[in-house]
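Undergrad: Fold the following, please.
(chains A and B)
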There are 2 protein chains.
Amino acid sequence: MLSKNKVKLIKSLEYKKFREKENLFLVEGEKLLQELLRSNFTIRAIYATEGWMHDNPETYNKLFPIIEQLTQQELEKASLLKTPQPVICLVDIPQKIFKIDNLQDKLSLVLDSVQDPGNLGTIIRVADWFGIENIICSTDCADVYNPKVIQSTMGAIFRVHVNYIELASFFQSCHSLNLPIYGTLLDGENIYKKNLTPHGVIVLGNESKGIHSKYHAFISNKLFIPFFPEGKKRSESLNVGTAAAITCAEFRRRVSENQ
Amino acid sequence: MLSKNKVKLIKSLEYKKFREKENLFLVEGEKLLQELLRSNFTIRAIYATEGWMHDNPETYNKLFPIIEQLTQQELEKASLLKTPQPVICLVDIPQKIFKIDNLQDKLSLVLDSVQDPGNLGTIIRVADWFGIENIICSTDCADVYNPKVIQSTMGAIFRVHVNYIELASFFQSCHSLNLPIYGTLLDGENIYKKNLTPHGVIVLGNESKGIHSKYHAFISNKLFIPFFPEGKKRSESLNVGTAAAITCAEFRRRVSENQ
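TA: From the prediction side, this is the model:
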């Protein structure tokens, strides 16, 4: 039985304010649960239908002491998704201490004001695929524990570290660590003709405005993904998620080809 | 003044059934309107607020004979978007005759059961950036005139031709035209080590199931986007939109490098 208060608590996790107050976020569905169980994240509560328990005896046995049974109707009431899943978890938001030294000798992503939760989720999934462990977000990016972000990462959220930091001071620290700062900009140079190092940070900008001009001076390597055919531009730009994907793929291709 | 019947008509365009019945789709917002005006699509009706007319005298004068003024409240009632825009258009769905000969000597995309409207929109935008004029969709793909697709193409919809065709016979026609068929598959070969031709079709599959096994025999070139580092796979797959982006970018890079 799910009390009215519990339903209210779960529903409130759609909003950042309440996620921060409760220090909790919601994970829905079998696929994400499996990824969660392979991670170090702490499950505070888990709810599932009888049908799900019956179909997943192994997972059920592992979670037996904390799992609570719900009816389909109760789950539908609590779910934040259009298509409610038969299993949902309340998960602790981990406490993070960001150390810039962790970025040394690595490739990382920096997001400036990426607003759309779907885009943030896509970028986290891309980072995971290409072995990028750290994403640094400006404080006005979408919240990583937004249910839409969680769902669209397909589990990558449990492996990639996302930190919210004031970017100007972050870029200064990059300079003192000699970490090259790359950025995708419409006035950048053809990415395929640039030297790309195996370490550094790649900055991606807001969906409609790109990277804020106040950060341009920090970017030592301005990259542009060329359209095709050369000289025949039709659309203004690529979506930030696809730009992230093409850029990360190209950085990794270079490393692999030089090995 | 927007009559109740007009609001009902506009609202009904959220659904494919009614779009097909009326042969209309909805375009919302300034950015898409500008792209629409540069295209050959036919505007059947256009509605805007007084504020928009005042701020856009040039566009207003061009559209003056057909534009109707609405209040903000009326627009909000009619809009299909979360954030209603001050201008909306009803646009004719163009009649298309698909000729496979149009694909000869070109690079095209084929989508097998891509369900998410946002993904379809992203892929259309990617195609536009990389000068891919034609996308062939299986009949169970999301509908290209779905409002979410339209919005996420950012105008690319007015330049890229999207056709819905039964894929098995389409693939047979490709063979008779000697068009190479590429496909992204989890058991494919490293895309960076494969020969990629400047023409052909690239098949991308459903969000969770990939390309249907019944089509695998048609695919002569199975491609895989390598994760990083080699041998250390974390996530199962990339999102279909990002896979499309990386694949198209790589095909175009090869052409440009060989020129």
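Undergrad: ranges for the strands of chain A?
TA: Taking DSSP state E as the test, the strands found in chain A are A:24-28, A:43-49, A:67-70, A:87-92, A:107-111, A:134-137, A:161-164, A:181-190, A:200-204, A:221-224.
Undergrad: what residues are up against residue A:109?
TA: Taking CB atoms under 8 Å, 6 or more residues apart in numbering or on different chains, we find residue A:109 in contact with A:123, A:127, A:132, A:134, A:135, A:136, A:201, A:202, A:203, A:204, A:244, A:248. The way it works is simple: take the backbone N, C-alpha and C, and place the C-beta from them, glycine included.
Undergrad: Looking at these, state which has the most neighbours.
TA: residue A:123 (31 neighbours; other CB atoms under 10 Å in any protein chain shown).
Undergrad: Enumerate every residue touching it.
TA: Residue A:123 neighbours (CB under 8 Å, 6+ apart): A:109, A:111, A:114, A:135, A:204, A:240, A:241, A:244.
Undergrad: The fourth one is in contact with residue A:160, isn't it?
TA: Read it as residue A:135. Yes. Taking contacts as CB atoms under 8 Å, residue A:135 lies within contact range of residue A:160: 6.0 Å.
Undergrad: okay, and the common contacts of those two?
TA: Counting by CB under 8 Å, 6+ apart, the contacts common to residue A:135 and residue A:160 are A:124, A:127.
Undergrad: give me the residue from the stretch 1-150 of chain A nearest chain B.
TA: residue A:131 (4.2 Å; CB to the nearest CB).
Undergrad: which residue packs closest to that residue, ignoring adjacent ones?
TA: For residue A:131, ignoring the flanking residues on the chain, the nearest one in space by CB to CB, 6 or more residues apart in numbering or on different chains is residue B:228 at 4.2 Å.
Undergrad: Over to residue A:76?
TA: residue A:84 (4.7 Å).
Undergrad: Break down the stretch 1-150 of chain A into its helices, ranges please.
TA: For the stretch 1-150 of chain A, applying DSSP state H, counting those that start in this stretch gives helices covering A:4-12, A:16-22, A:30-37, A:50-55, A:57-63, A:72-78, A:117-129, A:147-153.
Undergrad: Which of those sits closest to residue B:105?
TA: helix A:117-129 (32.0 Å; CB to CB).
Undergrad: Nearest residue to the middle of chain A?
TA: residue A:124 (3.4 Å; CA atoms, centre = their mean).
Undergrad: related to what we said a few turns ago, ok, the residue of the stretch 1-150 of chain A closest to chain B touching residue B:231?
TA: No. Using CB under 8 Å, residue A:131 is not in contact with residue B:231; the gap is 10.7 Å.
Undergrad: out of these two, which sits in the busier spot?
TA: residue A:131 (20 against 6).
Undergrad: mind listing what that one touches?
TA: Residue A:131 is in contact with A:252, B:227, B:228, B:229, B:232, B:234, counting by CB under 8 Å, 6+ apart.
Undergrad: ok, for residue A:87, nearest residue in space, not its chain neighbours?
TA: Per CB to CB, 6+ apart, closest to residue A:87 is residue A:48, 4.2 Å.
Undergrad: if I look at the one you found, how far off is residue B:129?
TA: 43 Å (CB to CB, to the nearest Å).
Undergrad: Next up, the contacts around residue A:107.
TA: Neighbours of residue A:107 in contact, by CB under 8 Å, 6+ apart: A:130, A:132, A:198, A:199, A:200, A:201, A:202, A:248, A:251.
Undergrad: Return the residues of the stretch 51-200 of chain A in contact with chain B.
TA: For the stretch 51-200 of chain A, the contact set with chain B under CB under 8 Å from any CB of the partner chain comprises A:118, A:122, A:125-126, A:128-131, A:152, A:154-156, A:159, A:192.
Undergrad: Pull the most distant pair out of the residues you listed.
TA: A:155 and A:192 (31.6 Å).
Undergrad: pLDDT score assigned to the residue lying closest to residue A:191 once chain neighbours are set aside?
TA: Spatially, and ignoring its direct neighbours in sequence, residue A:191 is nearest to residue A:223 (4.4 Å; CB to CB, 6+ apart). pLDDT recorded at residue A:223 is 98.
Undergrad: for the one 3 residues further on, same thing?
TA: Looking at residue A:226, its pLDDT stands at 97.
Undergrad: What of residue A:104?
TA: On the pLDDT scale, residue A:104 gets 94.
Undergrad: would you list the contacts of residue A:123 in a markdown table and tack on pLDDT?
TA: Listed next are the contacts of residue A:123 as a markdown table, based on pLDDT from 0 to 100:
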| residue | pLDDT |
| --- | --- |
| A:109 | 98 |
| A:111 | 98 |
| A:114 | 98 |
| A:135 | 98 |
| A:204 | 98 |
| A:240 | 97 |
| A:241 | 97 |
| A:244 | 98 |
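Undergrad: Nearest residue to residue A:243 in space, ignoring adjacent ones along the chain?
TA: Nearest one to residue A:243, counting by CB to CB, 6+ apart, is residue A:184 at 5.2 Å.
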